[in-house]
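Student: mind looking at a prediction? Sequence and model below.
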Amino acid sequence: MLSFSRTSFLGRYFPPPSFLTMPAAGVDLSYHSMRVVTFVRSHKGLALDKAVTRSIPGGAIYGDEVQSNKELKDALIAVKKDLGLSFVRVTLPEDKAYIFRTILPHMPPAQARQAIEFQLEENVPLLPSEAVFDFVILPSKTAIPAPTSASTPTDTSAATMDVVVAVFPKKFVEGYLELFRSAGLMPTAFYMNTDAIAKSVIRQDDMGTYLITNIGTKTTGIYVVSEGVVQFTATLSFGGESLTSAIEKHLSVTHEEALKIKRGEVMMKNREAVELFYSLANTASALRDEMNRIVSYWQTHKDKGVAVGKPIQKIYLCGSGAHLCGFDEYISTTMKIETEVGNVWQNAFTFEESIPHITQPDSLSYASAIGSALASFNSPQSNV
């Protein structure tokens with residue numbers, strides 16, 4: 001069952017027995033690394049237990065034959081042994097998913113699932129037999145109401161509902177399941193990477209509309225979250241590595257030194273920081289332009305009678321490239337939308353309750369793993 005930011009994913013396709021709903025580690029597989037997070041309960045609430053990163057060979061999870069990747073399997077076996085893991089909640093890359101929004105007549109969830117299955121071929125390049133999907137019924141009244149005459153009372157049973165659907169290729173999901181099982185790990189849920197990130201960055205039960213920009217090493221994901229659901233995703237072939245390279249060139253420093261500067265671990269005078277940021281202006285403005293394009297599309301596009309997207313209230317930055325000094329202020333000023341670096345711990349604990357043992361810049365790379373691990377504790381099971 002596909003996860004949106006408030007639900008789990010595996011359900012009807014691979015229904016877990018009730019004992020597998022216990023807390024589990026959150027595992028995020030990117031194209032070049034694996035991050036694992038576990039939480040424990042303390043007398044004050046949740047606390048971070050483990051947060052580890054393992055490098056994996058480049059391109060390790062490309063393609064649908066992920067289960068046959070020996071290097072990745074070996075990395076999972078090592079993590080299982082080192083952390084003593086049995087159950088995991090796993091994220092899937094958003095660039096393998098399809099998301100669409102549609103209008104359905106008001107009906108029970110089971111009937112809605114059948115109706116959506118009939119619409120799959122109209123919206124995604126997969127046959128129903130080749131797909132795994134789930135959906136969320138939005139709580140707002142954004143759908144077009146059913147036609148009524150002025151003389152006929154409104155029939156509430158004929159009302160429509162606004163639905164967001166996410167779809168993965170069935171073969172890809174089965175490959176992930178086989179991979180983890182072959183490493184001796186039992187996935188109790190799968191989550192779309194975007195949903196897990198939203199779950200860590202956006203406060204639980206916040207139904208506002210936000211843009212999340214997740215700057216990874218080689219790619220950047222831009223997601224729109226509205227009414228607690230990821231409703232739009234885009235993946236750019238641009239990442240924090242471009243910023244690191246620009247810093248290396250401008251300051252004539254090593255790659256390791258450039259990483260420390262980007263992460264704010266090296267103190268710089270105000271003038272030096274300003275000069276550095278201006279040297280990265282071309283790279284930063286290219287990313288800003290893509291974010292602007294997506295905001296414009298979201299707030300003007302209408303498909304199949306669905307209302308246009310609600311205005312973006314705030315932009316959250318996360319990922320390994322999000323901590324560049326001044327970048328949040330630059331985006332906020334140029335896009336005229338409040339922007340801040342995300343707090344990936346806000347749905348786990350406050351810093352008065354617990355202090356994580358990883359730094360704030362490091363934590364930004366763990367947003368996806370954190371979100372999937374948190375679902376063990378504070379996310380209800382989906383009822384769709």
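Tutor: That came in fine, so what should we check first? Numbers count the residues shown, from 1 in each chain.

Student: quick one, strands of the stretch 1-150 of the chain?
Tutor: 25-29, 33-42, 45-55, 87-92, 98-105, 131-137 (DSSP state E, counting those that start in this stretch).

Student: over to the stretch 201-350 of the chain?
Tutor: 209-215, 220-226, 229-236, 314-318, 339-341.

Student: right, and those - which one's nearest residue 122?
Tutor: strand 229-236 (18.0 Å; C-beta to C-beta). C-beta here means a position set from N, CA and C on the backbone, and glycine is covered the same way.

Student: quick one: that closest one to strand 98-105, angle?
Tutor: 150 degrees (axes from the mean of the first three to the mean of the last three C-alpha atoms, to 10 degrees).

Student: strand 229-236 pairs with which strands, and in what direction?
Tutor: strand 220-226 (antiparallel) (DSSP bridges).

Student: residues contacting the partner strand, please?
Tutor: Applying C-beta atoms under 8 Å, 6 or more residues apart in numbering, the contact partners of strand 220-226 are 5, 94, 193-194, 197-198, 202, 207-214, 230-236, 238-239, 287, 290-291, 294, 298, 309-310, 312, 319, 321.

Student: over to stretch 66-81?
Tutor: Against stretch 66-81 from outside (C-beta under 8 Å, 6+ apart): 27, 29, 34, 36, 52, 54, 56-57, 60-61, 85-86, 172, 174-176, 178-180, 182-185.

Student: where are the low-confidence patches of this protein?
Tutor: Within the chain, the stretches with pLDDT under 70 are 1-23, 57-65, 67, 140-158, 264-275, 277-278, 303-305, 378-384.

Student: on that earlier part again, okay, the strands of the stretch 1-150 of the chain in CSV with distance to residue 123 and mean neighbour count next?
Tutor: Putting these into CSV (distance: least, C-beta to C-beta, whole Å; neighbours: other C-beta atoms under 10 Å) gives the following:
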stretch, distance to residue 123, mean neighbour count
strand 25-29, 26, 27
strand 33-42, 32, 19
strand 45-55, 36, 17
strand 87-92, 19, 26
strand 98-105, 4, 19
strand 131-137, 10, 23
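
Student: now these in a markdown table, with distance to residue 261?
Tutor: Formatted as a markdown table, these follow (distance: least, C-beta to C-beta, whole Å):
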| stretch | distance to residue 261 |
| --- | --- |
| strand 25-29 | 25 |
| strand 33-42 | 21 |
| strand 45-55 | 20 |
| strand 87-92 | 29 |
| strand 98-105 | 36 |
| strand 131-137 | 41 |
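
Student: out of the ones you listed, the one nearest residue 365 is which?
Tutor: Comparing the strands of the stretch 1-150 of the chain by C-beta to C-beta, strand 33-42 comes nearest, at 6.6 Å.
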